[in-house]
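Visitor: can you look at this prediction? I've put the sequence above it.
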Amino acid sequence: MIKYLGSKRVLAPALGRAVAALPVTTVCDLFAGTTRIGQELRRSGVTVHSNDTATYSEALGQAYIAADPETDRARVREVIAHLMSLPGYDGYFTETFCRRARYVQPHNGRRIDAMRDEIDRIDLSPVERGLVLTSLLEAADRVDSTCGLQMAFVKQWSPRSHRDIALREPEPVPGPAGTVTRLDANALAPTLDGVELAYLDPPYNQHSYFSNYHVWETLVRRDAPETYGIACKRVDCQTTKSPYNGRRSAWPALAALVENLRVPWLIVSFSDDGYHDLDELQALLGEGRHVGRVDVDFPRYVGARIGIHNGNGEKVGSVGRLRNSETLFIAGPDARLVRRAAAAAARATGPTGATPTGSAPAAGRGRSARRSGTPTAAGTRPGPG
Ligand SMILES: C[S@@+](CC[C@H](N)C(=O)[O-])C[C@H]1O[C@@H](n2cnc3c(N)ncnc32)[C@H](O)[C@@H]1O
């Protein structure tokens, strides 16, 4: 499992149960990131469309959402074995991310240079290419020297970074094959005819995924950009901005997205760490839909727990809050089904190790239920409009 800020690994079973409780067979994951949620839904028999603006997410989507039993896995294994046999050499990746920055150690960076150059010389279908790039991305992640973000370094080379990089074939995901795009979610939203449920997991604060995962972006694109700063970020990190990262632009972007989605069902996850007031978000989703709400408490990403360091190994960030709460909103046209899905999600949070803040569904209005301390898997009626 690659390390990803805001990844819904812990919430995946709850989301899977919520979707299974609804009458849907097609889902669009508009902010797919690692594609973990799409994988969970695919496994449960749902056809997934996976979308994200990140190039690495598109590669992961080809590997885990679009690949199907027709995919020539023998060829993919052959290509991976060939890549593993290549001797390393110094190239852009080694110079930039092992010498000037410290993402992986040079003995692995040299092999990454050789493997990544070779991938572009091999004739591969989009799915085969996605599988091979995913294999390289995941292998690099297993020997990196970060605490989950690619803009800060751990104090010394991490223990795992001493190991030799080793590519593995990405595991096939059972279930119907889906599709993948790399589009702005707000541009995609009005085109989603025929999709029954949209899952929204947008960035929820100022932390830009494009900057935090710039090494993966450069590794997949292989465009050798000019860089700046101690982490050697791509210069276009200074100009590539998501409206969801702006304090003032995030709410209008989300409101426009919800308004333009013509799908009957919505599931939205949001963190208590984010910009938006969750009650206001619930009201937005409640315009024309019934809304259920499940609050889940779990530990924060590792960087928050160990602090961050600069290139000299000096601590430059402090240890932050150790726990987060994520809220799942389930919205749709049928109050009974919304309550059923919220209850299923709340029940599923137990075995994951997360601590649900409420486990039993309660009828009534979610906002007042929360204030009065009643169970937090709750249903609301559609608001006006
Ligand atoms: C909270 S993460 C999603 C995590 C994902 N659910 C997972 O489990 O891995 C938010 C994602 O939104 C993507 N993103 C940011 N702005 C976007 C936009 N305007 N349209 C589509 N994707 C966007 C980021 O690249 C990032 O992968």
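Guide: Perfect, thanks for sending it. In this text, all values refer to a predicted model and were calculated from it rather than measured experimentally.

Visitor: surely Arg99 touches Arg110?
Guide: No. Using C-beta atoms under 8 Å, Arg99 is not in contact with Arg110, being 10.7 Å away. Where you see a C-beta, it was placed from the backbone N, CA and C, and this is true even at glycine.

Visitor: more neighbours, those two?
Guide: Taking neighbours as other C-beta atoms under 10 Å, Arg99 and Arg110 compare with Arg110 leading, 21 against 12.

Visitor: so who does that one touch?
Guide: Contacts of Arg110 were listed using C-beta atoms under 8 Å, 6 or more residues apart in numbering, and they are Gly88, Tyr89, Asp90, Gly91, Thr94, Cys98.

Visitor: max pairwise distance over these: which two?
Guide: Distance extremes for the contacts of Arg110: the farthest pair is Tyr89 and Cys98 at 12.5 Å, using C-beta to C-beta.

Visitor: just want to know which of those two has more residues nearby.
Guide: Cys98 (22 against 11).

Visitor: what's the closest non-adjacent residue to that one?
Guide: Counting by C-beta to C-beta, 6 or more residues apart in numbering, Cys98 lies nearest to Gly109, which is 3.6 Å off, once chain neighbours are set aside.

Visitor: how about the contacts made by the one you found?
Guide: Gly88, Phe93, Thr94, Phe97, Cys98, Tyr103.

Visitor: at 6 Å instead, please
Guide: Gly109 makes contact with Phe93, Thr94, Cys98, according to C-beta atoms under 6 Å, 6 or more residues apart in numbering.

Visitor: of those, the lowest pLDDT goes to which?
Guide: Looking at the contacts of Gly109 by pLDDT, the weakest one is Cys98, with 95.

Visitor: rewinding a little: which pLDDT value goes with the residue nearest to Cys98?
Guide: 98.

Visitor: for it, give its distance to Thr96.
Guide: To Thr96, Gly109 is 9 Å away according to C-beta to C-beta, to the nearest Å.

Visitor: counting by contacts, list what the helix or strand Ala283 falls within packs against.
Guide: Using DSSP states H and E, the element containing Ala283 is helix 278-285. Applying 3 or more C-beta pairs under 6 Å, 6 or more residues apart in numbering; DSSP states H and E, we find helix 278-285 packed against strand 323-332.

Visitor: what do you get if the cut-off is 10 Å, keeping everything else the same?
Guide: When contacts are defined as 3 or more C-beta pairs under 10 Å, 6 or more residues apart in numbering; DSSP states H and E, helix 278-285 packs onto helix 250-260, strand 265-271, strand 290-299, strand 323-332, helix 366-371, strand 377-380.

Visitor: turn these into TSV, columns for mean pLDDT, distance to Arg121 and mean neighbour count.
Guide: What follows is the helices and strands packed on helix 278-285, written out as TSV (pLDDT from 0 to 100; distance: least, C-beta to C-beta, whole Å; neighbours: other C-beta atoms under 10 Å):
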stretch	mean pLDDT	distance to Arg121	mean neighbour count
helix 250-260	97	40	17
strand 265-271	95	40	22
strand 290-299	88	43	24
strand 323-332	89	43	23
helix 366-371	31	55	17
strand 377-380	52	53	27
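
Visitor: could I get the ones you listed as JSON lines with distance to the ligand?
Guide: As requested, these are exported to JSON lines (distance: least, C-beta to the nearest ligand atom, whole Å):
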{"stretch": "helix 250-260", "distance to the ligand": "7"}
{"stretch": "strand 265-271", "distance to the ligand": "7"}
{"stretch": "strand 290-299", "distance to the ligand": "13"}
{"stretch": "strand 323-332", "distance to the ligand": "10"}
{"stretch": "helix 366-371", "distance to the ligand": "22"}
{"stretch": "strand 377-380", "distance to the ligand": "21"}
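
Visitor: which stretch among those comes nearest Thr349?
Guide: Here strand 290-299 is closest among the helices and strands packed on helix 278-285 (C-beta to C-beta), at 5.0 Å.

Visitor: what angle sits between that closest one and strand 265-271?
Guide: Computed by axes from the mean of the first three to the mean of the last three C-alpha atoms, to 10 degrees, the angle separating strand 290-299 from strand 265-271 equals 30 degrees.

Visitor: walk me through which strands strand 290-299 pairs with, and which way each runs.
Guide: strand 323-332 (antiparallel), strand 355-356 (antiparallel), strand 377-380 (antiparallel) (DSSP bridges).

Visitor: so which residues on the stretch 201-350 of the chain come close to the ligand?
Guide: Proximity of the stretch 201-350 of the chain to the ligand is confined to Asp201, Pro202, Pro203, Tyr209, Ser242, Tyr244 under the rule C-beta under 6 Å from any ligand atom.
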